[in-house]
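1. below: sequence and its predicted model.
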Amino acid sequence: MANIDYELKGLPEIQKLLAQLPADINKSILTDVMLKTGGIVKKEIVGRIPEGNNNKRSGNKLTTKVKVVKSETGGALIGFKKSGFYARFLEFGTKVRKTLGRGRYKAGANRGSMTSKPFLQSAHESATPKAVSFFSENFAKLINNAIKKQIKKVK
């Protein structure tokens with residue numbers, strides 16, 4: 001991964017403002033900012049997911065299984081829901097599998113293989129500069145919106 005340079009204008013003023021707020025509100029504000037920035041990465045991942053030739057309902061497709069959630073440390077995590085476990089099979093592929101002879105299939109029946117269709121790493125690599133530029137250009141606006149959201153909760 002390459003080094004990324006960015007510049008935040010007005011950072012000392014924003015830091016001074018955030019220092020005056022309680023720690024839990026400060027963490028909540030920064031989490032909101034990270035979740036908004038994580039949305040950029042989510043869009044990039046959804047755009048690169050290989051679509052199969054199938055007739056699944058839209059709610060069952062892998063594009064609906066990507067989510068952005070809060071991290072325990074105050075950041076954001078971007079990944080797949082549990083029901084999107086098969087994204088790993090698309091990313092890395094599978095080898096030929098044979099049945100063990102339990103259940104309704106005879107032993108040694110071929111289950112086939114899947115060729116890998118890597119999309120996740122390239123999505124992260126292309127989304128990183130976009131997310132950093134979004135974060136650096138809109139940092140003050142995102143902080144302002146998050147503060148307004150916290151004020152509405154207090155009222």
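-> Okay, I see it.
2. mind listing residues that contact stretch 50-62?
-> Residues outside stretch 50-62 that contact it (C-beta atoms under 8 Å, 6 or more residues apart in numbering) are 49, 63, 64, 80, 84, 86, 87, 90, 117, 119. C-beta here means a position set from N, CA and C on the backbone, and glycine is covered the same way.
3. tell me the average confidence for it?
-> Mean per-residue pLDDT for stretch 50-62: 80.
4. and the helices in the protein?
-> 11-19, 23-48, 87-92, 120-154 (DSSP state H).
5. pick the most deeply packed of the ones you listed.
-> helix 23-48 (a mean of 18; mean count of other C-beta atoms under 10 Å).
6. burial check on residue 62, number of neighbours?
-> A count of nearby residues for residue 62, using other C-beta atoms under 10 Å, gives 21.
7. and stretch 50-66, how far apart are its ends?
-> 13 Å (C-alpha to C-alpha, to the nearest Å).
8. next: stretch 108-121.
-> Across stretch 108-121, the terminal residues are separated by 35 Å (C-alpha to C-alpha).
9. and stretch 106-114, by the same measure?
-> 21 Å.
10. what bits of the protein have low per-residue confidence?
-> For the chain, the stretches with pLDDT under 70 are 1-10, 155.
11. now with 50, please.
-> Along the chain, no part satisfies pLDDT under 50.
12. quick check: the residue of it positioned farthest from its centre vs residue 98, distance?
-> In the chain, counting by C-alpha atoms, centre = their mean, residue 106 sits farthest out from the average C-alpha position, at 41.1 Å. Distance from residue 106 to residue 98, counting by C-beta to C-beta, to the nearest Å: 10 Å.
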